[in-house]
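J.: For reference, the sequence and a predicted model appear below.
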Amino acid sequence: MVMPPKQTAPIVFASPHSGRRYADELVATSPLDPLTLRRSEDAFIDLLYEAAPAFGAPLLKCHVPRVFLDCNREPYELDPKMFASPLPDYVNSRSPRVAAGLGTIARVIATGEEIYARRLDVDGALARIREHYFPYHDALNALVDATRSRFGVCLLVDCHSMPSVGGPMDADPGARRVDVVLGDCFGSACAPAITTYAEDVMRNMGYMVRRNIPYAGGFTTRHYGRPREGVHALQIELNRALYMDEERIAPLPTLGDTAARIGRLIEALTGMNQALFGQG
(Lines give C-alpha, C1' and ligand atoms only; values in the text may rest on other atoms or scores of the structure.)
Protein backbone atom coordinates (compact mmCIF):
# COMPACT_ATOMS: atom_id res chain seq x y z
CA MET A 1 0.00 0.00 0.00
CA VAL A 2 1.27 3.45 -0.93
CA MET A 3 -0.40 6.28 0.93
CA PRO A 4 -0.24 9.97 0.01
CA PRO A 5 1.16 12.36 2.62
CA LYS A 6 -2.46 13.48 3.01
CA GLN A 7 -5.47 11.99 1.27
CA THR A 8 -7.16 14.86 -0.54
CA ALA A 9 -9.50 12.98 -2.89
CA PRO A 10 -12.29 10.47 -2.19
CA ILE A 11 -10.69 7.87 -4.43
CA VAL A 12 -8.88 4.59 -3.82
CA PHE A 13 -6.89 2.84 -6.54
CA ALA A 14 -6.30 -0.92 -6.30
CA SER A 15 -4.31 -3.38 -8.41
CA PRO A 16 -5.16 -7.01 -7.52
CA HIS A 17 -3.42 -8.75 -10.44
CA SER A 18 -0.03 -7.05 -10.92
CA GLY A 19 1.82 -9.09 -8.28
CA ARG A 20 5.06 -10.61 -9.52
CA ARG A 21 6.54 -12.36 -6.48
CA TYR A 22 6.47 -15.93 -7.79
CA ALA A 23 7.09 -18.30 -4.89
CA ASP A 24 9.56 -21.14 -5.41
CA GLU A 25 6.83 -23.61 -4.40
CA LEU A 26 4.60 -22.43 -7.26
CA VAL A 27 7.33 -22.61 -9.90
CA ALA A 28 8.48 -26.02 -8.61
CA THR A 29 4.99 -27.58 -8.69
CA SER A 30 3.94 -26.26 -12.11
CA PRO A 31 4.80 -27.83 -15.48
CA LEU A 32 4.69 -24.32 -16.96
CA ASP A 33 7.77 -22.17 -17.34
CA PRO A 34 7.92 -18.84 -15.46
CA LEU A 35 7.16 -16.76 -18.57
CA THR A 36 4.04 -18.80 -19.33
CA LEU A 37 2.87 -18.47 -15.72
CA ARG A 38 2.99 -14.71 -16.19
CA ARG A 39 0.34 -14.81 -18.96
CA SER A 40 -2.36 -14.17 -16.36
CA GLU A 41 -0.52 -11.28 -14.73
CA ASP A 42 -1.54 -7.65 -15.19
CA ALA A 43 2.09 -6.80 -15.77
CA PHE A 44 3.18 -3.20 -15.10
CA ILE A 45 -0.30 -2.00 -14.12
CA ASP A 46 0.93 -0.98 -10.66
CA LEU A 47 3.65 1.09 -12.35
CA LEU A 48 1.15 2.81 -14.64
CA TYR A 49 -0.90 3.95 -11.65
CA GLU A 50 1.99 4.79 -9.33
CA ALA A 51 1.26 8.54 -9.62
CA ALA A 52 -1.96 8.13 -7.59
CA PRO A 53 -0.44 9.11 -4.21
CA ALA A 54 1.01 12.28 -5.74
CA PHE A 55 -2.57 13.34 -6.46
CA GLY A 56 -3.78 12.57 -2.95
CA ALA A 57 -5.15 9.06 -3.45
CA PRO A 58 -3.92 5.76 -1.96
CA LEU A 59 -2.75 2.89 -4.17
CA LEU A 60 -3.16 -0.69 -2.93
CA LYS A 61 -1.14 -3.40 -4.69
CA CYS A 62 -1.36 -7.16 -4.29
CA HIS A 63 2.17 -8.57 -4.41
CA VAL A 64 1.41 -12.27 -5.00
CA PRO A 65 0.67 -13.24 -8.60
CA ARG A 66 -2.79 -14.07 -9.85
CA VAL A 67 -1.86 -17.68 -10.67
CA PHE A 68 -0.98 -18.19 -6.99
CA LEU A 69 -4.04 -16.41 -5.57
CA ASP A 70 -6.71 -14.27 -7.21
CA CYS A 71 -7.91 -11.43 -4.98
CA ASN A 72 -10.59 -10.47 -7.50
CA ARG A 73 -12.70 -13.47 -6.55
CA GLU A 74 -14.83 -14.52 -3.61
CA PRO A 75 -12.55 -15.83 -0.84
CA TYR A 76 -13.42 -19.49 -1.41
CA GLU A 77 -14.18 -20.09 -5.09
CA LEU A 78 -12.37 -23.42 -5.35
CA ASP A 79 -12.53 -26.41 -7.70
CA PRO A 80 -12.74 -29.75 -5.78
CA LYS A 81 -11.00 -31.54 -8.66
CA MET A 82 -7.82 -29.61 -7.91
CA PHE A 83 -7.39 -30.96 -4.39
CA ALA A 84 -6.20 -34.21 -2.85
CA SER A 85 -8.88 -34.27 -0.14
CA PRO A 86 -12.41 -32.86 0.30
CA LEU A 87 -12.92 -29.13 0.65
CA PRO A 88 -14.84 -27.54 3.54
CA ASP A 89 -18.60 -27.19 3.11
CA TYR A 90 -18.43 -23.39 2.93
CA VAL A 91 -16.47 -23.44 -0.33
CA ASN A 92 -18.26 -22.16 -3.46
CA SER A 93 -17.41 -24.83 -6.02
CA ARG A 94 -20.17 -24.03 -8.51
CA SER A 95 -19.41 -20.50 -9.65
CA PRO A 96 -18.82 -19.72 -13.35
CA ARG A 97 -15.24 -18.74 -12.45
CA VAL A 98 -14.58 -22.17 -10.94
CA ALA A 99 -16.14 -23.85 -13.99
CA ALA A 100 -13.72 -21.90 -16.20
CA GLY A 101 -10.76 -22.93 -14.05
CA LEU A 102 -10.28 -19.38 -12.79
CA GLY A 103 -11.28 -19.53 -9.14
CA THR A 104 -9.60 -17.99 -6.12
CA ILE A 105 -6.82 -20.49 -6.73
CA ALA A 106 -6.85 -20.94 -10.48
CA ARG A 107 -6.56 -24.29 -12.24
CA VAL A 108 -5.46 -22.79 -15.57
CA ILE A 109 -3.74 -19.66 -16.84
CA ALA A 110 -5.62 -17.21 -19.03
CA THR A 111 -4.70 -19.12 -22.20
CA GLY A 112 -6.03 -22.43 -20.86
CA GLU A 113 -2.90 -24.37 -19.83
CA GLU A 114 -3.06 -26.30 -16.57
CA ILE A 115 -1.04 -24.65 -13.79
CA TYR A 116 -0.39 -27.69 -11.63
CA ALA A 117 0.98 -31.15 -12.40
CA ARG A 118 -0.69 -32.75 -9.38
CA ARG A 119 -3.47 -32.16 -6.90
CA LEU A 120 -2.99 -29.58 -4.17
CA ASP A 121 -3.08 -29.89 -0.40
CA VAL A 122 -6.27 -28.38 1.01
CA ASP A 123 -4.61 -26.98 4.13
CA GLY A 124 -1.98 -25.28 1.99
CA ALA A 125 -4.65 -23.72 -0.20
CA LEU A 126 -6.59 -22.42 2.79
CA ALA A 127 -3.34 -21.01 4.19
CA ARG A 128 -2.80 -19.06 0.95
CA ILE A 129 -6.21 -17.51 1.31
CA ARG A 130 -5.70 -16.75 5.00
CA GLU A 131 -2.22 -15.26 4.53
CA HIS A 132 -2.76 -13.24 1.35
CA TYR A 133 -6.42 -12.85 0.34
CA PHE A 134 -7.83 -11.62 3.64
CA PRO A 135 -5.02 -9.14 4.39
CA TYR A 136 -5.52 -7.59 0.92
CA HIS A 137 -9.26 -7.17 1.41
CA ASP A 138 -8.87 -6.09 5.02
CA ALA A 139 -6.64 -3.28 3.75
CA LEU A 140 -9.01 -2.44 0.90
CA ASN A 141 -12.04 -2.40 3.19
CA ALA A 142 -10.20 -0.12 5.60
CA LEU A 143 -9.25 2.30 2.82
CA VAL A 144 -12.79 2.42 1.43
CA ASP A 145 -14.36 2.88 4.87
CA ALA A 146 -11.87 5.56 5.89
CA THR A 147 -12.37 7.41 2.62
CA ARG A 148 -16.15 7.36 2.89
CA SER A 149 -15.96 8.46 6.53
CA ARG A 150 -13.73 11.37 5.65
CA PHE A 151 -15.37 12.58 2.43
CA GLY A 152 -18.88 11.12 2.62
CA VAL A 153 -18.31 9.18 -0.59
CA CYS A 154 -15.68 6.90 -2.14
CA LEU A 155 -14.73 5.84 -5.65
CA LEU A 156 -12.78 2.59 -5.85
CA VAL A 157 -10.90 2.26 -9.15
CA ASP A 158 -9.97 -1.37 -9.78
CA CYS A 159 -6.98 -1.35 -12.13
CA HIS A 160 -6.53 -4.15 -14.67
CA SER A 161 -5.10 -5.00 -18.07
CA MET A 162 -6.43 -7.17 -20.88
CA PRO A 163 -4.87 -9.04 -23.81
CA SER A 164 -5.18 -7.15 -27.08
CA VAL A 165 -7.05 -10.08 -28.63
CA GLY A 166 -9.75 -12.17 -26.95
CA GLY A 167 -8.40 -15.53 -25.80
CA PRO A 168 -9.89 -19.01 -26.14
CA MET A 169 -11.55 -18.80 -22.73
CA ASP A 170 -12.97 -15.31 -23.23
CA ALA A 171 -16.38 -14.20 -24.48
CA ASP A 172 -14.73 -12.64 -27.55
CA PRO A 173 -12.18 -15.23 -28.80
CA GLY A 174 -10.02 -13.90 -31.60
CA ALA A 175 -11.56 -10.43 -31.51
CA ARG A 176 -9.33 -7.35 -31.53
CA ARG A 177 -10.10 -5.19 -28.55
CA VAL A 178 -10.45 -1.47 -27.97
CA ASP A 179 -7.90 0.46 -25.91
CA VAL A 180 -9.96 0.69 -22.72
CA VAL A 181 -12.94 -1.15 -21.25
CA LEU A 182 -14.75 0.50 -18.35
CA GLY A 183 -16.71 -1.93 -16.17
CA ASP A 184 -19.39 -0.67 -13.82
CA CYS A 185 -21.60 -3.78 -13.80
CA PHE A 186 -23.90 -2.07 -16.30
CA GLY A 187 -24.42 0.90 -14.02
CA SER A 188 -25.14 -0.96 -10.78
CA ALA A 189 -21.69 -0.53 -9.20
CA CYS A 190 -20.97 3.10 -10.05
CA ALA A 191 -22.93 6.25 -10.79
CA PRO A 192 -23.21 6.45 -14.60
CA ALA A 193 -22.09 10.07 -14.42
CA ILE A 194 -18.71 8.95 -13.02
CA THR A 195 -18.31 6.30 -15.72
CA THR A 196 -19.20 8.88 -18.37
CA TYR A 197 -16.68 11.31 -16.91
CA ALA A 198 -13.89 8.70 -17.00
CA GLU A 199 -14.90 7.70 -20.53
CA ASP A 200 -14.79 11.30 -21.74
CA VAL A 201 -11.35 11.86 -20.20
CA MET A 202 -9.93 8.78 -21.90
CA ARG A 203 -11.57 9.48 -25.25
CA ASN A 204 -10.14 13.00 -25.17
CA MET A 205 -6.69 11.42 -24.80
CA GLY A 206 -7.28 9.51 -28.04
CA TYR A 207 -8.27 6.15 -26.60
CA MET A 208 -11.01 3.96 -28.03
CA VAL A 209 -13.28 3.17 -25.06
CA ARG A 210 -16.05 0.65 -24.54
CA ARG A 211 -18.24 -0.07 -21.52
CA ASN A 212 -18.80 -3.46 -19.86
CA ILE A 213 -17.98 -5.66 -22.87
CA PRO A 214 -16.19 -8.02 -22.57
CA TYR A 215 -15.51 -7.08 -18.91
CA ALA A 216 -18.35 -5.66 -16.81
CA GLY A 217 -16.47 -5.95 -13.52
CA GLY A 218 -15.26 -8.73 -11.25
CA PHE A 219 -15.75 -9.56 -7.59
CA THR A 220 -14.20 -6.29 -6.40
CA THR A 221 -16.50 -4.13 -8.50
CA ARG A 222 -19.61 -6.11 -7.57
CA HIS A 223 -18.75 -6.47 -3.89
CA TYR A 224 -17.62 -2.93 -3.11
CA GLY A 225 -19.81 -0.98 -5.52
CA ARG A 226 -22.76 0.27 -3.45
CA PRO A 227 -23.71 3.64 -4.94
CA ARG A 228 -26.72 4.09 -2.66
CA GLU A 229 -24.34 3.86 0.30
CA GLY A 230 -21.89 6.32 -1.24
CA VAL A 231 -19.35 3.75 -2.47
CA HIS A 232 -18.78 3.53 -6.22
CA ALA A 233 -16.56 0.98 -7.96
CA LEU A 234 -15.21 1.24 -11.50
CA GLN A 235 -13.04 -1.38 -13.18
CA ILE A 236 -10.60 -0.12 -15.81
CA GLU A 237 -9.10 -2.59 -18.31
CA LEU A 238 -6.18 -1.31 -20.38
CA ASN A 239 -5.19 -3.01 -23.62
CA ARG A 240 -1.73 -4.49 -23.03
CA ALA A 241 -0.59 -3.69 -26.57
CA LEU A 242 -0.57 -0.02 -25.58
CA TYR A 243 2.53 -0.43 -23.43
CA MET A 244 3.96 -3.97 -23.44
CA ASP A 245 5.20 -6.79 -25.64
CA GLU A 246 2.60 -9.41 -24.83
CA GLU A 247 4.76 -12.35 -25.90
CA ARG A 248 7.85 -11.41 -23.91
CA ILE A 249 5.93 -9.63 -21.13
CA ALA A 250 8.33 -6.74 -21.48
CA PRO A 251 7.68 -3.00 -21.52
CA LEU A 252 7.53 -1.21 -24.86
CA PRO A 253 8.97 2.30 -25.40
CA THR A 254 5.34 3.50 -25.17
CA LEU A 255 5.15 2.55 -21.47
CA GLY A 256 6.22 6.05 -20.43
CA ASP A 257 3.61 7.72 -22.63
CA THR A 258 0.91 5.40 -21.32
CA ALA A 259 1.94 6.14 -17.73
CA ALA A 260 1.73 9.86 -18.48
CA ARG A 261 -1.78 9.43 -19.87
CA ILE A 262 -2.87 7.39 -16.87
CA GLY A 263 -1.38 10.15 -14.72
CA ARG A 264 -3.69 12.59 -16.50
CA LEU A 265 -6.62 10.26 -15.85
CA ILE A 266 -5.69 10.11 -12.15
CA GLU A 267 -5.43 13.88 -12.01
CA ALA A 268 -8.85 14.23 -13.65
CA LEU A 269 -10.52 11.70 -11.35
CA THR A 270 -9.02 13.15 -8.18
CA GLY A 271 -10.15 16.60 -9.29
CA MET A 272 -13.65 15.43 -10.19
CA ASN A 273 -16.65 17.36 -8.89
CA GLN A 274 -18.14 15.35 -6.04
CA ALA A 275 -21.62 16.23 -7.31
CA LEU A 276 -21.11 13.46 -9.87
CA PHE A 277 -21.25 10.89 -7.07
CA GLY A 278 -24.93 11.63 -6.59
CA GLN A 279 -25.94 11.51 -10.24
CA GLY A 280 -27.63 8.30 -11.30
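T.: Happy to help now that I have it.
J.: Now the helix or strand bottoming out on mean pLDDT in the chain: buried residues?
T.: The helix or strand of the chain with the lowest confidence, counting by mean pLDDT, DSSP states H and E, is helix 24-29 at a mean of 81. Going by neighbour count (16 or more other CB atoms under 10 Å), the buried part of helix 24-29 is residue 26. Every residue, glycine included, has its C-beta placed from N, CA and C.
J.: packing partners for that helix?
T.: Here helix 24-29 touches helix 34-37, going by 3 or more CB pairs under 8 Å, 6 or more residues apart in numbering; DSSP states H and E.
J.: residues in contact with the helix it packs on?
T.: With contacts defined as CB atoms under 8 Å, 6 or more residues apart in numbering, helix 34-37 is touched by 22, 26-27, 30, 65, 67, 109, 113, 115, 248-249.
J.: List only buried entries from those.
T.: The neighbour-count criterion (16+ other CB under 10 Å) marks 22, 26, 30, 65, 67, 109, 115, 249 among the contacts of helix 34-37 as buried.
J.: Out of these, which sit inside helices?
T.: If you go by DSSP state H, those have residue 26 in helices.
J.: could you redo the buried ones among the contacts of helix 34-37 as a markdown table and give each row distance to residue 275?
T.: Below are the buried ones among the contacts of helix 34-37 laid out as a markdown table (distance: CB to CB, whole Å):
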| residue | distance to residue 275 |
| --- | --- |
| 22 | 44 |
| 26 | 47 |
| 30 | 50 |
| 65 | 39 |
| 67 | 42 |
| 109 | 43 |
| 115 | 46 |
| 249 | 41 |
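J.: Which of the buried ones among the contacts of helix 34-37 scores worst on pLDDT?
T.: Lowest pLDDT within the buried ones among the contacts of helix 34-37 is found at residue 26 (83).
J.: That one: what's it in contact with?
T.: Contacts for residue 26 (CB under 8 Å, 6+ apart) come out as 37, 65, 67-68.
J.: Name the surrounding residues that touch stretch 84-100.
T.: So stretch 84-100 is contacted by 73-74, 76-80, 103, 108, 119-122, 126, 169 (CB under 8 Å, 6+ apart).
J.: Okay, buried residues for that stretch please.
T.: 87, 91-92, 95, 97-98.
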